[in-house]
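> A predicted structure for the sequence below; I have some questions about it.
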Amino acid sequence: MELRHLHYFLVVAEHLHFGRAAEELRMSQPPLTVAVKKLEQELGVQLFDRTTRSVILTPAGRMYLDRIKPLLADLDKANQELTEAGLGLRGRLNVGFVSSASYATMPSALRRFRELRPNVELVLHPLTTDEQIERLLENNLDLGILRDPTRVPGVELQEIHAEPLVVALPAGHRLSANEQIATEDLADEDFVLFPFKYMSGFYSLVHSLFDGRTPPRIVERAIHQETILGLVAAGLGVSILPASVSRFQMPEVSFHPLVGEPKTRLYAGMGASNPAAQTFLQCLLEAELQAQN
C-alpha cells in the first residue's frame, strides 16, 4: 500500500468528484481513478459507489475516512515538525555553562533565544569547563559556555566575552587598602582555587601570572565560585577570579584589580551540529555587543 494512494482517497472523499480531486492533486483523472481502484483491491472492499452522475462513499469508505483522516493529519504534522527541527526551529538544545557565565552575557542571550525559538526546548546544564568539553566530545551537549578552555580536536571554539581578573580578599586582609594588587604581593598567601581537573585552562591561566616566581600555594579547592567566595570570606585564603564575581555583594570579601589587568575569556564550544546551537551562539554574540555599547 502506497501512502500517496491514501492521500488520493482522502482528496476524492473530500470532493466526491474525481475531476475536481484530480485538479487539486495536479494530475489527470485516469491515473487517479486507477490508483483508487488499486487501493480498493488491496483493501478488498469498495470505498466509493460511482455512477456517471455522482460519487458517494460506501459505509466502508466512510469508516475508512474517519480512521485515516486523523492519521494523515498527524503524519503531516510530524513531517512539518521534522522539517522545523532540521532548520533549528523545533526540538531540544542542550547548553552547558560555567557558573560565572550567568553573570556575563548569558541572561540576555537566553531571553533573546526564547524570543527567536519558542518551540525549542532549552535545557541548561551547570558544568565546569572540562566537564563540558567531555560531554561535547560525547555529543551529550550541543553547545557549551567555557572559561579559558584548552583547545581539543572536535570542539569548535569562538570567543564571546573577555573580562579582567580580580583578587578576592577576606575582610581585614593586609592588602585590602590597595587599589590594585600585583601578583608578587601574593607570594606568601594561601589560595582557594578551582581544581585543575575541572577547570584546567583557568587554573593554568592563574599559574601563568606567577611565571618565574613561586606558584600560588593552594590550600583549598572548590568547583563553584560561590563556594570559593565563601571560603575566602571565612578567611581560609585569597583567590583570583573573573571580575564578574564582584556582583556578589559580600561584606566579608573585597575585590581588587590585578596590576596589568590580565584577562580571562569565555568561549562558546560546539561539537556535533545542531542548527539551534548556531542561533544560540548568535544570541550570545549579540548580547556581548550590546553590553559593550
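Received, thanks.
> doesn't Phe255 fall inside a strand?
Yes: Phe255: assigned to a strand according to DSSP: H, G, I helix; E, B strand; the rest coil.
> Tell me how many other residues surround it.
Here the neighbour count serves as a burial measure; for Phe255 (other CB atoms under 10 Å) it reads 17. From N, CA and C alone the C-beta is placed, and that goes for glycine too.
> And the strands in the stretch 101-250 of the chain, which stretches?
120-126, 143-147, 156-170, 190-193, 217-221, 239-242 (DSSP state E, counting those that start in this stretch).
> Turn these into CSV, columns for distance to Tyr267, mean neighbour count and mean pLDDT.
Conversion of these to CSV gives the following (distance: least, CB to CB, whole Å; neighbours: other CB atoms under 10 Å; pLDDT from 0 to 100):
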stretch, distance to Tyr267, mean neighbour count, mean pLDDT
strand 120-126, 16, 14, 94
strand 143-147, 5, 27, 96
strand 156-170, 5, 19, 95
strand 190-193, 20, 21, 96
strand 217-221, 23, 15, 95
strand 239-242, 13, 26, 96
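> how about those strands in TSV, adding distance to Ser100?
Shown next, in TSV, are the strands of the stretch 101-250 of the chain (distance: least, CB to CB, whole Å):
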stretch	distance to Ser100
strand 120-126	11
strand 143-147	6
strand 156-170	9
strand 190-193	14
strand 217-221	16
strand 239-242	5
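> Among those strands, which comes closest to Ala287?
Comparing the strands of the stretch 101-250 of the chain against Ala287 with CB to CB, the closest turns out to be strand 156-170 (8.5 Å).
> Could you check the angle the closest one makes with strand 143-147?
Taking axes from the mean of the first three to the mean of the last three CA atoms, to 10 degrees, strand 156-170 and strand 143-147 form an angle of 40 degrees between their directions.
> now strand 156-170: how far from the chain's centre is it?
With CA atoms, centre = their mean, to the nearest Å as the basis, strand 156-170 stands 21 Å off its chain's centre.
> And it, what does it pack against?
In this structure, strand 156-170 packs against helix 225-233, strand 239-242, strand 253-257, strand 263-270, helix 275-292, with contacts taken as 3 or more CB pairs under 8 Å, 6 or more residues apart in numbering; DSSP states H and E.
> and those, which is most packed in?
Compared across those, strand 239-242 shows the largest average neighbour count, a mean of 26 (mean count of other CB atoms under 10 Å).
> for it, packing partners?
Using 3+ CB pairs under 8 Å, 6+ apart, strand 239-242 is in contact with strand 156-170, strand 190-193, helix 225-233.
> All the helices of the stretch 51-200 of the chain, in order from the start?
For the stretch 51-200 of the chain, the helices defined by DSSP state H, counting those that start in this stretch cover 59-86, 106-116, 129-137, 200-208.
> Throw the ones you listed into TSV and include mean neighbour count and mean pLDDT, thanks.
Putting the helices of the stretch 51-200 of the chain into TSV (neighbours: other CB atoms under 10 Å; pLDDT from 0 to 100) gives the following:
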stretch	mean neighbour count	mean pLDDT
helix 59-86	13	78
helix 106-116	16	92
helix 129-137	22	95
helix 200-208	18	95
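> Among these, which comes closest to Arg217?
Proximity to Arg217, assessed across the helices of the stretch 51-200 of the chain by CB to CB, is greatest for helix 200-208 (11.6 Å).
> what's the angle between the closest one and strand 217-221?
Our comparison of helix 200-208 with strand 217-221, counting by the same axes, to 10 degrees, yields an angle of 150 degrees.
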